[in-house]
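Trainee: Here's my sequence, what's the structure:
(chains A and B)
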There are 2 protein chains.
Amino acid sequence: MTYCVGLLLNEGMVLLSDTRTNAGIDNISTYRKMFTFEEPGERVITIMTAGSLSTTQTTIARLQEAIDDPDATSIMTAGTMLQVAELVGDTLSTVSANVAHKLGERAQSARASMIVAGQRRGGEPRMFLIYAEGNFIEATADTPFLQIGEHKYGKPILDRVVTPETSLGDAQKAALLSMDSTLRSNLSVGMPLDLVVIETDSCRVSRQRRIEADDEVYQKMSADWSVALRHSFANIEVESSGDEIPGYSAA
Amino acid sequence: MTYCVGLLLNEGMVLLSDTRTNAGIDNISTYRKMFTFEEPGERVITIMTAGSLSTTQTTIARLQEAIDDPDATSIMTAGTMLQVAELVGDTLSTVSANVAHKLGERAQSARASMIVAGQRRGGEPRMFLIYAEGNFIEATADTPFLQIGEHKYGKPILDRVVTPETSLGDAQKAALLSMDSTLRSNLSVGMPLDLVVIETDSCRVSRQRRIEADDEVYQKMSADWSVALRHSFANIEVESSGDEIPGYSAA
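Mentor: Numbering: from 1, shown residues only, chains lettered A, B, ... in the order given. Alright, predicted model coming up:
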């Protein structure tokens, strides 16, 4: 399994992915699921991947091959971020159809999805969720985050705190706490984590880091959040509503 | 969709279900998913249901028919709670196989699952999760809660605060906050809610209530929890870890 989340904010974009892959519960590995393509000041694109490792690795390799080929249209030369999303979608769809064909009855396991985030000079920062069939949706001010993989455990915190006005610092915190809830509930999502921040109009990676399992700052944040949640829980008063069956008095 | 959660604690059991059913997103109804069978002081059993309404209604109706038949073994006469779980499992499995047969290619939509919780005089309080095939698992001190339906959104809060030592008041609060996160994230889970509390060794329903959408106590709890979460979030400090890429400084 996988959990990747991307936040699209006025100040910029925050992207966070885990690195755990598994082929059955007894075969677990660490693979990078976040790939950054950058021509600083001109264009920056980050792609995060979920689903079949065979499909996603081949898709990223083909996108890279096109970048290396001076005669090909690539995500680094496409005219707009929309065209970048279409290019990634077409490549992903071709590769996953190919892998599905090889898998026959197990074609379902060829599926993969991606989050593509980036900005080119003169354009807006944009973020897309690309499905296995190559179609996609885009993050908007109403829904300023996209998730792929094991998305449910980490969604409530994002729903409550993330808006386009959220600062980049708070957005990193929200993404990490969203990941923290997911790590606790699904063993197939695992450390280390990859984090990228792209400030609006910089057209470059502003911050990039790998957060290891023994990272003290992360561990402290995670522990503080547990304490804060339990403290909040203890302080919520559920008064008896006064009817004759005290349905949920806190006594 | 559905969300039902049952907590098995030293002090007793707390059971909470929503009431929304849908046959497609354009056909939404309210149906009770919690059924209580009681001979006060002797035996109390609460069953919560998720999945195909056609399967669950028929299963409950058959269990009721057996109770009404003086010659049949029913959940009210079975010797132990384990035998009750087996009886519910056998009935559910027979009914769902029958509905699946009628559905042919759409057999998958006949699936249903149930939580069965109860105590008979002289026995222990026990709680089981019954799968469509009739097999089941039981809540234990290590995992003192069971969920059916849309379980992921509401699991993090339970993971963090529920142990067998949790009081009945706190357990109701935890169940309601777990439901609150689910209601926010999945529109196909909906109010009103049904809540039942069974105190250990009472062998009767100690509290039972339906919580309507306009319930002021529930609304206040939900609003207070949102405020507390946002407050906790604002107070979590994520310091820069001092390396040269300030990966997640909160600034």
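
Trainee: Let's verify A:Thr140: helix, strand, or coil?
Mentor: What DSSP: H, G, I helix; E, B strand; the rest coil gives for A:Thr140 is coil.

Trainee: What is the burial count for it?
Mentor: Neighbour count for A:Thr140, taken as other Cβ atoms under 10 Å in any protein chain shown: 11. Where you see a C-beta, it was placed from the backbone N, CA and C, and this is true even at glycine.

Trainee: Would you list the phi and psi of it?
Mentor: Main-chain torsions, A:Thr140, degrees, to the nearest 10: phi -130, psi 180.

Trainee: Against A:Lys173, how distant is the closest residue to A:Ile198 other than its chain neighbours?
Mentor: The spatially closest residue to A:Ile198, leaving aside those adjacent along the chain, is A:Met13, at 4.6 Å (Cβ to Cβ, 6 or more residues apart in numbering or on different chains). The gap separating A:Met13 from A:Lys173 is 15 Å, by Cβ to Cβ, to the nearest Å.

Trainee: still on that earlier bit, specify the local secondary structure of the residue nearest to A:Ile198.
Mentor: Three-state assignment for A:Met13 (three-state DSSP): strand.

Trainee: My guess is it contacts A:Pro125. True?
Mentor: Yes - using Cβ atoms under 8 Å, A:Met13 is in contact with A:Pro125, at 5.7 Å.

Trainee: Between these two, which is the more surrounded one?
Mentor: A:Met13 (26 against 23).

Trainee: how close does that one sit to A:Ile130?
Mentor: For A:Met13, the distance to A:Ile130 equals 16 Å [Cβ to Cβ].

Trainee: What of A:Ile137?
Mentor: 9 Å.

Trainee: Let me see the ranges of the strands in chain A.
Mentor: A:3-8, A:12-17, A:20-22, A:28-30, A:34-39, A:43-51, A:112-120, A:126-130, A:136-138, A:145-149, A:193-199, A:207-211 (DSSP state E).

Trainee: what's the closest of the ones you listed to B:Asp194?
Mentor: Closest approach to B:Asp194 among the strands of chain A (Cβ to Cβ): strand A:145-149, 31.0 Å.

Trainee: And for that closest one, what's in contact with it?
Mentor: Outside strand A:145-149, the residues that touch it by Cβ atoms under 8 Å, 6 or more residues apart in numbering or on different chains are A:1-8, A:18, A:48-51, A:113-115, A:127-129, A:137, A:139, A:154-155, A:158, A:162, A:189.

Trainee: please redo it, this time with the cut-off set to 7 Å
Mentor: A:1-7, A:48, A:50, A:113, A:115, A:127, A:129, A:139, A:155, A:158, A:162 (Cβ atoms under 7 Å, 6 or more residues apart in numbering or on different chains).

Trainee: Leaving out sequence neighbours, find the closest residue to A:Val99.
Mentor: Nearest residue to A:Val99, sequence neighbours excluded (Cβ to Cβ, 6+ apart): A:Ala110, at 3.9 Å.

Trainee: Check chain A for its longest helix and report it.
Mentor: Longest helix in chain A, counting residues (DSSP state H): helix A:81-103.

Trainee: list the buried ones in that helix?
Mentor: A:81, A:84-89, A:91-93, A:95-96, A:99-100 (16 or more other Cβ atoms under 10 Å in any protein chain shown).

Trainee: Which elements pack onto it?
Mentor: When contacts are defined as 3 or more Cβ pairs under 7 Å, 6 or more residues apart in numbering or on different chains; DSSP states H and E, helix A:81-103 packs onto helix A:53-68, strand A:112-120, strand A:126-130.

Trainee: Buried deepest among these, which one?
Mentor: strand A:112-120 (a mean of 26; mean count of other Cβ atoms under 10 Å in any protein chain shown).

Trainee: Direction included, what does that strand pair against?
Mentor: strand A:43-51 (antiparallel), strand A:126-130 (antiparallel) (DSSP bridges).

Trainee: Now tabulate those in a markdown table and tack on mean pLDDT and distance to A:Ile28.
Mentor: Converted to a markdown table, the strands paired with strand A:112-120 look like this (pLDDT from 0 to 100; distance: least, Cβ to Cβ, whole Å):
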| stretch | mean pLDDT | distance to A:Ile28 |
| --- | --- | --- |
| strand A:43-51 | 97 | 16 |
| strand A:126-130 | 97 | 26 |
